[in-house]
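Engineer: this is the structure alone, sequence omitted:
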């Protein structure tokens, strides 16, 4: 199946080689034949309406760069009139009366929504196995996971079901599945993209971002997604730069830092050599590479797995069976309503994190857990700020290994949490990061992680784009 | 044994903003259930709070009014507990860093003495919705109109020592927030409500006794009764060898008693933590000073001014300054009529009486201040006498027009024509021979008292319109001529 980029399709539309309607029909056909379970909902009717409107807009001479281009949203972004399930039985019947700001902005550009992509329940997971709608298969190997929590978004792009998707990244949920599926994903700086209408997992860590084949496509999509939103108090009041114009800046003199805490003897040998080869490409492009240290980064997993569950335990309290969502049959009384509605509708991992978070916030434990974790969080952020004073971009692995097998880690939550070891610290610091296809181990793709300074997405996109001008890993497609 | 009560109040004042504290939905009272609850108030997934800046401004205003420290960095925290009328499963409140820190207010006790009561803190928070237990066939209805209404919770130090002190403090805070215009003060609608923490200890003992919290009492009278009941209950309990347990109690106004609602063991662990959806509120001196500029004159200083400027006594000044609308009305009347003492008498007399009889608030008074001022002027310029003035007042209250219109329409103008008055007096003297004879026979120093009878007869005969001063002079000279 032929794979297209947003930029390539935009040109075809501009040149009149195809219409938005034809594009939508083509992709809807691909989704119908999908075997990866990437979609929870397919919005054919809306897609064809939006495509028709996009064609009319183009005919009227009002088309923008993204007008008529297909997109799918992670099923954690609210969509007016279309179910937003969050991959959970709890919201299997939930239809929001509003659009997430991200959804609204993409629609305003004239993008065509094909559907809602599968994900781990409430974005909690690293394999997309925690979905009420079933696991997603990695397009590179149907027995392996696509990563998570934005697994459906990554797999859909890798499988050529849609040229680009939105994802969310609380602890690596854009970068890890992008790496596992061999696509490009960007998690923006906290506050760059509005969280309005993006169902919260851990509010201080959640951030939406683009997932696509190339850095250029991520730049196009981020351009539409980013910006201050008065409906989100934590969104940043900063101008959005033009991400496409800086893509072609040369990298000579670029300072790259490699954290010694990541590139150590524990790193898988094959992973290390793929990443070294990629870093060598950067040397060839004129970059200087030096070792740096992020002293406290080793504490990210315990700190993250206190803070994120603590916030989640509170964020998910609203799912109580009273106003919307799942309600158990014939509740005896109020307590029974709460216990059974939540007990029957939440999956194991969600319950586990609610329990952990509730415990961490409890009287007598708050100081030892939550407060301590917040202190560690600040230390990790300071490490990053110091390092980024010295280098322009930090490079790191995204994952310890390529995609693992479906079921391999399901009985060992701690092993599953260890999957996030290279991605979590960036969320704690609030920094932007990318996963860029950097090679293969066997038949499975490997990602290189780029970490930049606050609101320096333009630089990350530039660094990724230049790499993609001299490599073709991002153009490889599964058989 | 001599017992001493120790009382602290937590007062919830509903801030008088147009919209809710974190959403744009209206805060108006009395709408159809759930018609004033938007997606944010319903806690639909993906919705986020944005602070209503007006609520912040009002909270700062209160802090400045009681001379409290203003939190330049204040933080919203989540208070987590499950309840059907708490849509998010947590209440967004302030915990560690409130907007208003330590302050104090002075209360006046019945014996005229004064006492300073400490305010520990005041913090912003959102109200919950309401659970409706009637009319749902054994189920509970939820009305979320009130959910997200901004509240300022004002927490006092345990400085209060009696139910009366507690009520004096409560009234003081009520007067402050209503004067500031940050709360409508309507207790029946729940805009101003309070929880009381009550304990007792042997007089002289330093250590506090175990306290019980009485929830949500909604009138000044009930607050006093509930606290009084609770004090007596605790003393009786201890004297009978029992122990007070820390618990939440509910006041039943019908039975005048407090009843246990939940004990400490059943209390929630609220798991407070800073709300990650709202950034800390940072305010600076420029902001605080700008709010300070908008502070109205508060009751204490207004009272002092009333005594100084209008020569009112302590009691009248106190009464007239407590509520802004009333004080404003009084001042408007006093300014136009030019006689503050008369204005004060009218305010505390007929105005208060009519408002009371009709259960109206001064804000709803049907007589404009200018009309009352005109009425007072007509007494002062002898157009009518004070008795007729009450008749005119009644007519004004009933919407019959302003004082001059009513006086003209009803022909109530005072009779000052000496010839006409003499005629009336001569008629009375002619009719009342026995009384005239008694008058003449009386000792000269007793005659003054007897004059009242003739006055009454003359006023009656003149339809109340005779000028009493004139009548007195004429009567006296005519009667004395007979002696």
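Structural biologist: That came through fine. This one's a predicted model, so the numbers in the text were calculated from it and none came from an experiment. Residues are numbered from 1 along each chain as shown, chains lettered A, B, ... in the order given.

Engineer: wait, what's in contact with residue A:326?
Structural biologist: A:89, A:90, A:91, A:92, A:93, A:319, A:341, A:344, A:345 (Cβ atoms under 8 Å, 6 or more residues apart in numbering or on different chains). Placement of C-beta: from N, CA and C, glycine included.

Engineer: same question for residue A:441.
Structural biologist: A:270, A:271, A:274, A:401, A:402.

Engineer: can you say which of these are buried?
Structural biologist: A:271, A:274, A:402 (16 or more other Cβ atoms under 10 Å in any protein chain shown).

Engineer: in a helix, the first one, correct?
Structural biologist: Yes. The assignment for residue A:271 (DSSP: H, G, I helix; E, B strand; the rest coil) places it in a helix.

Engineer: could you count how many residues lie near residue 67?
Structural biologist: Answering for chain A, as no chain was given. 21 (other Cβ atoms under 10 Å in any protein chain shown).

Engineer: nope, chain B please
Structural biologist: 11.

Engineer: how about it, secondary structure?
Structural biologist: When classified by three-state DSSP, residue B:67 comes out as coil.

Engineer: and the closest residue in space to it that isn't next to it in sequence, how many neighbours?
Structural biologist: Excluding its sequence neighbours, the residue lying closest to residue B:67 (Cβ to Cβ, 6 or more residues apart in numbering or on different chains) is residue B:103, at 5.4 Å. By the criterion of other Cβ under 10 Å, residue B:103 has 21 neighbours.

Engineer: which residues does residue B:103 form beta bridges with?
Structural biologist: With DSSP bridges as the criterion, residue B:103 is bridged to residue B:119.

Engineer: and it, what does it touch?
Structural biologist: For residue B:103, counting by Cβ under 8 Å, 6+ apart, the contacting residues are B:63, B:66, B:67, B:68, B:69, B:118, B:119, B:122.

Engineer: which two of the residues you listed have the greatest separation?
Structural biologist: B:63 and B:118 (14.0 Å; Cβ to Cβ).

Engineer: the two: which is more packed in?
Structural biologist: Under the criterion of other Cβ under 10 Å, the comparison of residue B:63 against residue B:118 puts residue B:63 first, with 26 against 15.

Engineer: in which helix or strand would I find that one?
Structural biologist: helix B:53-65 (DSSP states H and E).

Engineer: pull out the buried residues from that helix.
Structural biologist: B:54, B:55, B:56, B:57, B:58, B:59, B:60, B:61, B:62, B:63, B:64, B:65.

Engineer: okay, now the closest residue to chain B within the stretch 1-150 of chain A: neighbour count?
Structural biologist: Using Cβ to the nearest Cβ, the single residue of the stretch 1-150 of chain A nearest to chain B is residue A:78, 4.4 Å away. Neighbour count for residue A:78, taken as other Cβ under 10 Å: 30.

Engineer: equivalent analysis for residue A:171, please.
Structural biologist: 31.

Engineer: which residues touch it?
Structural biologist: Residue A:171 neighbours (Cβ under 8 Å, 6+ apart): A:202, A:205, A:304, A:308, A:420, A:423, A:424, A:427.

Engineer: for the stretch 1-150 of chain B, which residues are neighbours of chain A?
Structural biologist: Taking Cβ under 8 Å from any Cβ of the partner chain, the part of the stretch 1-150 of chain B that reaches chain A is made up of B:39, B:42-51, B:78, B:80, B:82, B:84, B:87-90, B:140, B:142.

Engineer: that older thread, CSV please, covering the contacts of residue A:171 and showing secondary structure and neighbour count.
Structural biologist: Below are those laid out as CSV (DSSP: H, G, I helix; E, B strand; the rest coil; neighbours: other Cβ atoms under 10 Å in any protein chain shown):
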residue, secondary structure, neighbour count
A:202, coil, 25
A:205, coil, 25
A:304, helix, 27
A:308, helix, 27
A:420, coil, 24
A:423, coil, 29
A:424, helix, 26
A:427, helix, 29
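
Engineer: min pLDDT across these, which one?
Structural biologist: Ranked by pLDDT, these bottom out at residue A:420, which scores 90.

Engineer: and the residue of chain A closest to chain B?
Structural biologist: Counting by Cβ to the nearest Cβ, chain A gets nearest chain B through residue A:317, at 2.4 Å.

Engineer: which non-adjacent residue is nearest that residue?
Structural biologist: Using Cβ to Cβ, 6+ apart, the closest residue to residue A:317 is residue B:89 (2.4 Å).

Engineer: is it true that the one you found touches residue B:81?
Structural biologist: Yes. Assessed by Cβ atoms under 8 Å, residue B:89 is found in contact with residue B:81 at 7.5 Å.

Engineer: residues contacting the nearest residue to residue A:44 once chain neighbours are set aside?
Structural biologist: Nearest non-adjacent residue to residue A:44, counting by Cβ to Cβ, 6+ apart: residue A:28, 5.5 Å away. Counting by Cβ under 8 Å, 6+ apart, residue A:28 touches A:42, A:44, A:47, A:48, A:114.

Engineer: make sure residue B:10 is indeed in a strand.
Structural biologist: Yes. The assignment for residue B:10 (three-state DSSP) places it in a strand.

Engineer: how about the secondary structure of residue A:72?
Structural biologist: strand.

Engineer: now swap in residue B:319 and tell me
Structural biologist: Taking three-state DSSP, the label given to residue B:319 is helix.

Engineer: ditto for residue A:148
Structural biologist: coil.

Engineer: so it touches residue A:135, yeah?
Structural biologist: No. Contact criterion Cβ under 8 Å: residue A:148 and residue A:135 do not qualify, at 9.5 Å.

Engineer: I'd say residue A:323 and residue B:43 touch.
Structural biologist: Yes. Assessed by Cβ under 8 Å, residue A:323 is found in contact with residue B:43 at 7.3 Å.
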